[in-house]
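In: turn this into a structure:
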Amino acid sequence: MTSKPQDPQLQRLVLVTGPSGAGRSTAINALEDIGYETIDNLPLGMLERLFTGPALPRPMALGLDVRNRDFSQQALIAALDLLQATSGLAPELLYLDCAPHTLQRRYSETRRRHPLAPAETPMDGIRREIDLLGPIRARADILIDTSTLPPHALRTKIERWFAPDSGQKLGLSVQSFSYKRGLPLGVDMVFDCRFLKNPYWDPDLRGLDGQSDKVAAYIAQDERFDIFFDQLQTMVLTLLPAYLAEGRAHFSIGFGCTGGQHRSVFTSERLVEALAQQGWQVSIRHRELDRRAELAEQGAPVGRKED
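Out: Sure, this is the predicted structure:
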C-alpha cells in the first residue's frame, strides 16, 4: 500500500496501532526522527481536545494500543470516525501486523507478560488481541507486516512512506556500530573511526558515550578529527545529489569503532547535524547503544564496554 497524497493545507495525522510486539515503538520513534510531533499511548478520550486549536506546524503521529486506559474496539473506531469528520485534519491509520508465532517468539525473548494475559501464556494474549483488533485492521490505510522485518528495515519503510514532502526523495540513514559485532546489513558506505583518540582509556569518560559533551570535546581535540570530518562532509555532500539524480531511494552510512560507544557515535551525530544544516532529512541509529538499552530493560547482563 502507499500513503495517501496530502493536502498541504491539512494537518497530517498518523495513527499507529497493531498487536503488542509488532513494532509500534520503533515506528513512533522513526516518525519522530523525520519530524513528526509524536505522542504514545494517548487516552482516546483526549483525541478530540487535542485538535480543537489551530493546526500544528508539524505533522503528528499518535501511538494507540490495548494498554491505553480507555481502549476498546468501539472507542477506537468511534475515534477514527470523529477524526475523519474533523475539518482541517488528514488522518491515516497505520496498522503494524505480525504473525502470531513471531509475536510469541518476541515475548519469549523479552520474558514480558502480555498485557491481555498477565496470568496466562503470551499466546493466549496474542490471540485475544488479534481478535480484538480485527475490525481496526480492516480500516487500515497502510498495513505493514513486520513478521520478517528487523527494526532498521521497519524504520526504512516508515521513512519512505511518511517523510514530509520537502522535495528530498532520497532517504538517508546514519548509524554507529561496533566492529566486534560485525558490519550492519544494508550499509552503502562505511567509515572506520578507530584511528581517533579513544575515550575508553580515560577512566572519567569510559562509562559515557559519544552523545556526551565531555566525550565530544575529547574526540574533537584529536588533531586528526577536523581534517577527517571536513573531507568526509565535502565528499558526502558531493555524492548525495548525484545519488539522488540517479534515482536512488535510500542511502545508508555507517561509522564503526571498537565498541560502538564513543568515536563512532560522536562522528555519526556530527554528520547528521551537518547534513541537517544543509536541508537533508536524516535518521540516526546507534546499534550498540540501542542493544545495550534493550538488554538493560530485559534485566540481562550488558557485558563489558570497550571502545
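In: show me what the helix or strand containing L271 is packed against.
Out: Here L271 sits within helix 263-277, counting by DSSP states H and E. With contacts taken as 3 or more CB pairs under 8 Å, 6 or more residues apart in numbering; DSSP states H and E, helix 263-277 sits against strand 171-178, helix 213-220, helix 223-245, strand 250-257, strand 282-286. (C-beta placed from N, C-alpha, C; glycine too.)
In: distance of the residue lying farthest from the centre of the chain from R24?
Out: Computed with CA atoms, centre = their mean, the residue of the chain farthest from its C-alpha average is E223, at 33.7 Å. Distance, E223 to R24, using CB to CB, to the nearest Å: 45 Å.
In: and M189, by the same measure?
Out: Distance, M189 to R24, by CB to CB: 31 Å.
In: and what of D230?
Out: 40 Å.
In: just want to know which of these two has more residues nearby.
Out: Under the neighbour definition other CB atoms under 10 Å, D230 and R24 were set side by side, and R24 has more, 22 against 10.
In: correct me, but that one touches L15?
Out: No - the criterion here is CB atoms under 8 Å, and R24 misses it with L15 at 10.7 Å.
In: before we move on, what SS does T52 have?
Out: coil (DSSP: H, G, I helix; E, B strand; the rest coil).
In: other residues contacting stretch 30-45?
Out: 14, 16, 24-25, 28-29, 50, 56, 58-65, 67-71, 75-76, 79, 154-155, 158-159, 162-164, 281, 283-284 (CB atoms under 8 Å, 6 or more residues apart in numbering).
In: dump that stretch to CSV, restricted to CA.
Out: What follows is stretch 30-45 as a C-alpha-only set of coordinates in CSV (Å, rounded to 0.1, in the frame of the first residue of the first chain):
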residue,chain,number,x,y,z
ALA,A,30,11.1,6.7,13.3
LEU,A,31,8.3,9.2,12.7
GLU,A,32,9.7,11.4,15.4
ASP,A,33,13.1,11.3,13.7
ILE,A,34,11.7,12.5,10.4
GLY,A,35,10.0,15.5,12.0
TYR,A,36,6.6,14.3,13.4
GLU,A,37,5.3,15.5,16.8
THR,A,38,4.6,12.2,18.5
ILE,A,39,2.6,11.0,21.5
ASP,A,40,2.4,7.4,22.5
ASN,A,41,-0.4,5.8,24.5
LEU,A,42,-2.6,8.9,24.4
PRO,A,43,-6.1,8.2,26.0
LEU,A,44,-8.7,8.0,23.3
GLY,A,45,-10.9,10.4,25.2
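In: list the buried residues in that stretch.
Out: A30, L31, D33, I34, Y36, T38, D40, L44 (16 or more other CB atoms under 10 Å).
In: with stretch 19-31 instead?
Out: Neighbour counts over stretch 19-31 (16+ other CB under 10 Å) mark P19, S20, G21, A22, G23, R24, T26, A27, I28, N29, A30, L31 as buried.
In: stretch 226-246 too?
Out: By 16+ other CB under 10 Å, the buried positions in stretch 226-246 come out as L232, V236, L240, L244.
In: do the same with stretch 100-116
Out: T102, L103, Q104, R106, Y107, H114, L116.
In: separation between the first one and G134?
Out: Counting by CB to CB, the gap between T102 and G134 amounts to 18 Å.
In: swap in the fifth one?
Out: Computed as CB to CB, the Y107 to G134 distance reads 20 Å.
In: what does the fourth one give?
Out: Relative to G134, R106 is positioned 20 Å away (criterion: CB to CB).
In: cool, the second one as well?
Out: Distance of L103 to G134, given as CB to CB: 15 Å.
In: how about the strands in the chain?
Out: With strands called from DSSP state E, the chain shows them at 11-17, 37-40, 60-63, 89-97, 142-145, 171-178, 189-192, 250-257, 282-286.
In: out of these, nearest to T121?
Out: strand 89-97 (20.9 Å; CB to CB).
In: helices or strands up against that closest one?
Out: By 3+ CB pairs under 8 Å, 6+ apart, strand 89-97 packs against strand 11-17, helix 24-33, helix 73-84, helix 122-137, strand 142-145.
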